[in-house]
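S.K.: Dropping a prediction and its sequence here:
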2 protein chains.
Amino acid sequence: MSDKITIKDIAKKSGVSISTVSRVINKTYPVRKEVAEKVQQTIQELNYTPDLMAKSLKTGKTSTIGLIIPDISNPFFASLVKGAESYLSKKGYSLIICNSNQDMKEETRLINILLSKKIDGLLFTGSANHNKFLQEKVIDMLPVVFMDRAFVKTNGSYVLSDSYNGMLDLLNYMYGANHRSYIYISGNKDTLSAGERTKAFSDFVKEKKIEKYRIYQAQYDYESGYKAIKAMDCGKGYDAVICGNDLIAYGVIEALKNSGVNVPYNISVTGYDDIMFSRMFSPSLTTVRQPIYDIGSKSAEKLLKIIENNKKIKNGIILKNELVIRESTMIRSDCSRQKD
Amino acid sequence: MSDKITIKDIAKKSGVSISTVSRVINKTYPVRKEVAEKVQQTIQELNYTPDLMAKSLKTGKTSTIGLIIPDISNPFFASLVKGAESYLSKKGYSLIICNSNQDMKEETRLINILLSKKIDGLLFTGSANHNKFLQEKVIDMLPVVFMDRAFVKTNGSYVLSDSYNGMLDLLNYMYGANHRSYIYISGNKDTLSAGERTKAFSDFVKEKKIEKYRIYQAQYDYESGYKAIKAMDCGKGYDAVICGNDLIAYGVIEALKNSGVNVPYNISVTGYDDIMFSRMFSPSLTTVRQPIYDIGSKSAEKLLKIIENNKKIKNGIILKNELVIRESTMIRSDCSRQKD
DNA sequence: CTGTTAGCGCATTCAG
DNA sequence: CTGAATGCGCTAACAG
């Protein structure tokens, strides 16, 4: 009997019309106090909850945000999601999470599903620069905020951290610590972050007139780092390995350990991101801290602002990064250099 | 103009009624081939996508699953979610993710929101045993599968891994490796997994007639492990520290490192879960591997089965665990024991 | 302040 | 096989 109780039931039982009930629930118009109380009471009695689905059909708003990331099991994205979810939840929004596994076709499929479900907005981290569908259609039929990655050429909204200067700070520190030859292992090259960091590296070697360096194209994961350094004779002859992110650095260090190369004594290794484990890693990782959680929460904040103001304030926020020096690097002297 | 295109538009443009369109979309009834083709064609032309929201209002099914976990930024839960999401996505379902932060009040709030949004089912990891609301109401008005944690006394559906035997295997191994005195650091005691593991430990010390042991109540996180071992004089005088999960073990090892205690030479430390970082940790962690991803995907599979068969097959799946021996433990000889 | 009414977009009887 | 009509539960004019 307590089955499917609707606004109608509580209207009847309260002796008012359904619109009055709607009004006391949504506080859209004034209702006589006694009536309001009576209604509230029967709502309690019947344990009624409005059907948000029906409400959404009418209003066109679902209070639901879609979020697309490559992989939730990557701690970087997990923090991003946490930041977004925590903000959204506080504001009464829910989050539908989708893993794209870096696959553009899958991204497109997911976006279409999300669109059909009538989300109010989209938080996106993926292959933005190449996804024509997103770039040409989605972006102006739905509020979208790009997290961590962004269109370079389009005027979408985004929240990033300043990878270029973060990497430059790191490199300048390494230079000051007497490192003169570098291997640079880049993450997925179609991402903005990898582009910025690589650019910083290129500018750095040019400015400091570094002669011995090498850029290796890899992916943002552990295995990729492991393979990369193995493919480069375990960095023999170089002072430092600069990695595109922490996961790559983990892989590099593990490979080096396995080959009997000591980090940092034989060679220094750096990461990027400062995910939770980097301080527990052994040696603890010298890296650049990105405010990952904040990127997530600021993205959510920005998205809600766009949704609620219903205006297209297309712009971005760029958060600062912070150099974190730990045990995986050391101040080099000539005698601590590897021989060729 | 290409604004808000509905089933009506495509009906008009195809020269048929909306019911016919609905039929070709859902293939619920046969439609003349030519007509069907014509309709399909104009669907393409107008780039029409059915409004899932409206559909849901009618059918009562949303193809959306709610998921509640304590904290997505914990790698354990991230893997769980990945497993569930990946299965659900393949089956055409979406996932709404909510972080409860272990707060029962928050859990209840989230469940109510999810209920209002008309999810088709719920995947739950949280304080099941104490949440009356969940236990008494939700569980029989909505398909629910408990992941990793479960009601001990209720006949709900669940997917777990066998913590009791996993822990027992680990302890027996340690005994075989000549460890004779133990500190046991438990995770959140209101969870089933902690209960099972602690029970295994209790049974173990009884059976092996271990005289020197200590059980310490903590939480399933890094800080908790760090503090716990500090509070116990860095385990002085004990052969091994058995931790409720890997995160606790990380904290313990870090604290020990900071105090100059060598793991495993002075004392062995074990974890539980085998999250991704445990093999990269230094020393790499001896632990018990839970099939976390599988717990997630099996839970999702079970939930969909319940939803689609619409029957209440309340039962559980218990997956096996596997001992993983790494560097944080060693085979002890008398001279490698710490003095009291 | 309050009740009546008309849809939101779609699936589904019920007649053809 | 197909069209017309009904209503899912709710909000938002529109009249009182």
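M.R.: Perfect, thanks for sending it.

S.K.: Remind me what the lowest-mean-pLDDT helix or strand in chain A packs against, helices and strands.
M.R.: Every helix and strand of chain A was ranked by mean pLDDT, DSSP states H and E. The lowest is helix A:132-136, at a mean of 74. If you count contacts as 3 or more CB pairs under 8 Å, 6 or more residues apart in numbering or on different chains; DSSP states H and E, helix A:132-136 packs onto helix A:104-116. Where C-beta positions appear, they are placed from N, C-alpha and C, glycine not excepted.

S.K.: Any part of the helix it packs on near chain B?
M.R.: Yes - applying CB under 8 Å from any CB of the partner chain, one finds helix A:104-116 touching chain B at A:110, A:112-116.

S.K.: which residues are contacting the longest helix seen in chain A?
M.R.: Ranked by residue count under DSSP state H, the longest helix found in chain A is helix A:292-309. With CB atoms under 8 Å, 6 or more residues apart in numbering or on different chains as the contact definition, helix A:292-309 has outside contacts at A:65, A:76, A:79-88, A:91, A:93, A:120-123, A:143-148, A:157-161, A:273, A:275, A:312-313, A:317, A:319, B:73.

S.K.: try it again with 6 Å
M.R.: A:79-80, A:83-84, A:87-88, A:91, A:120-121, A:123, A:143, A:145, A:147-148, A:157, A:159, A:317 (CB atoms under 6 Å, 6 or more residues apart in numbering or on different chains).

S.K.: just stretch A:121-132 next, same as before
M.R.: Applying CB under 6 Å, 6+ apart, the contact partners of stretch A:121-132 are A:65-69, A:84, A:100, A:104, A:107, A:142-149, A:151, A:190, A:299, A:303, A:307.

S.K.: let's see 8 Å
M.R.: Contact with stretch A:121-132 is made by A:65-70, A:77, A:80, A:84, A:100, A:102, A:104, A:107-108, A:111, A:114, A:134-135, A:138, A:142-152, A:156, A:190-192, A:299-300, A:303-304, A:306-307, as judged by CB under 8 Å, 6+ apart.

S.K.: quick one: terminal-to-terminal distance for stretch A:319-331?
M.R.: With CA to CA, to the nearest Å applied, stretch A:319-331 spans 29 Å between its terminal residues.

S.K.: same question, stretch A:45-60
M.R.: For stretch A:45-60, the separation between the terminal residues is 30 Å (CA to CA).

S.K.: And it, what's buried?
M.R.: Buried residues in stretch A:45-60, counted by 16 or more other CB atoms under 10 Å in any protein chain shown: A:48, A:50-57.

S.K.: Equivalent analysis for stretch A:150-168, please.
M.R.: Buried-residue list, stretch A:150-168, by 16+ other CB under 10 Å: A:150-151, A:156-164, A:166-168.

S.K.: What of stretch A:211-218?
M.R.: Under the neighbour-count criterion of 16+ other CB under 10 Å, stretch A:211-218 has A:213, A:216, A:218 buried.

S.K.: hmm, back to that, export the buried residues of stretch A:150-168 as a markdown table, with columns for secondary structure and pLDDT.
M.R.: Below are the buried residues of stretch A:150-168 laid out as a markdown table (DSSP: H, G, I helix; E, B strand; the rest coil; pLDDT from 0 to 100):
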| residue | secondary structure | pLDDT |
| --- | --- | --- |
| A:Ala150 | coil | 71 |
| A:Phe151 | coil | 64 |
| A:Gly156 | coil | 77 |
| A:Ser157 | strand | 88 |
| A:Tyr158 | strand | 90 |
| A:Val159 | strand | 93 |
| A:Leu160 | strand | 91 |
| A:Ser161 | strand | 93 |
| A:Asp162 | coil | 95 |
| A:Ser163 | helix | 95 |
| A:Tyr164 | helix | 96 |
| A:Gly166 | helix | 97 |
| A:Met167 | helix | 98 |
| A:Leu168 | helix | 98 |
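
S.K.: any chance of these in TSV, plus distance to B:Tyr265?
M.R.: Converted to TSV, these look like this (distance: CB to CB, whole Å):
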residue	distance to B:Tyr265
A:Ala150	50
A:Phe151	54
A:Gly156	55
A:Ser157	54
A:Tyr158	50
A:Val159	47
A:Leu160	46
A:Ser161	41
A:Asp162	44
A:Ser163	41
A:Tyr164	45
A:Gly166	39
A:Met167	39
A:Leu168	42
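
S.K.: of the residues you listed, closest to DNA strand D?
M.R.: A:Ser157 (26.0 Å; CB to the nearest atom of the strand).

S.K.: Which residues are in contact with that closest one?
M.R.: With contact set as CB under 8 Å, 6+ apart, A:Ser157 has these partners: A:143-146, A:302-303, A:306, A:313-316.

S.K.: ok, how many other residues are close to the residue in the stretch 151-300 of chain A positioned nearest to DNA strand D?
M.R.: When scored by CB to the nearest atom of the strand, the stretch 151-300 of chain A has A:Ala300 as its residue closest to DNA strand D, at 23.8 Å. Under the neighbour criterion other CB atoms under 10 Å in any protein chain shown, A:Ala300 is assigned a count of 28.

S.K.: Helices along chain A, start to end?
M.R.: Using DSSP H, the helices of chain A run over A:7-14, A:18-26, A:33-46, A:52-59, A:75-90, A:104-116, A:132-136, A:163-176, A:192-207, A:222-231, A:246-258, A:292-309.

S.K.: Where among those is average confidence lowest?
M.R.: Least confidently modelled of the helices of chain A is helix A:132-136, at a mean of 74 by mean pLDDT.

S.K.: For that helix, which residues meet the burial criterion?
M.R.: The neighbour-count criterion (16+ other CB under 10 Å) identifies A:134-135 as the buried residues of helix A:132-136.

S.K.: Return that helix as CSV; C-alpha atoms alone will do.
M.R.: The C-alpha trace of helix A:132-136 is given here as CSV (Å, rounded to 0.1, in the frame of the first residue of the first chain):
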residue,chain,number,x,y,z
LYS,A,132,35.9,16.8,-33.4
PHE,A,133,32.6,15.8,-32.0
LEU,A,134,33.3,17.4,-28.7
GLN,A,135,35.0,20.3,-30.2
GLU,A,136,32.4,21.2,-32.7
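
S.K.: how far is it from where the chain is centred?
M.R.: The chain centroid and the centroid of helix A:132-136 are separated by 20 Å, computed with CA atoms, centre = their mean, to the nearest Å.

S.K.: One more: stretch A:125-138?
M.R.: How far stretch A:125-138 lies from its chain's middle: 16 Å, per CA atoms, centre = their mean.

S.K.: again, but for stretch A:286-300
M.R.: The answer for stretch A:286-300 is 7 Å, by CA atoms, centre = their mean.

S.K.: How about A:Phe146, nearest residue that isn't a chain neighbour?
M.R.: What sits nearest to A:Phe146 in space, not counting adjacent residues and going by CB to CB, 6 or more residues apart in numbering or on different chains, is A:Tyr158, at 4.0 Å.

S.K.: who touches A:Ala177 in this structure?
M.R.: By CB under 8 Å, 6+ apart, the residues touching A:Ala177 are A:268, A:329-332.
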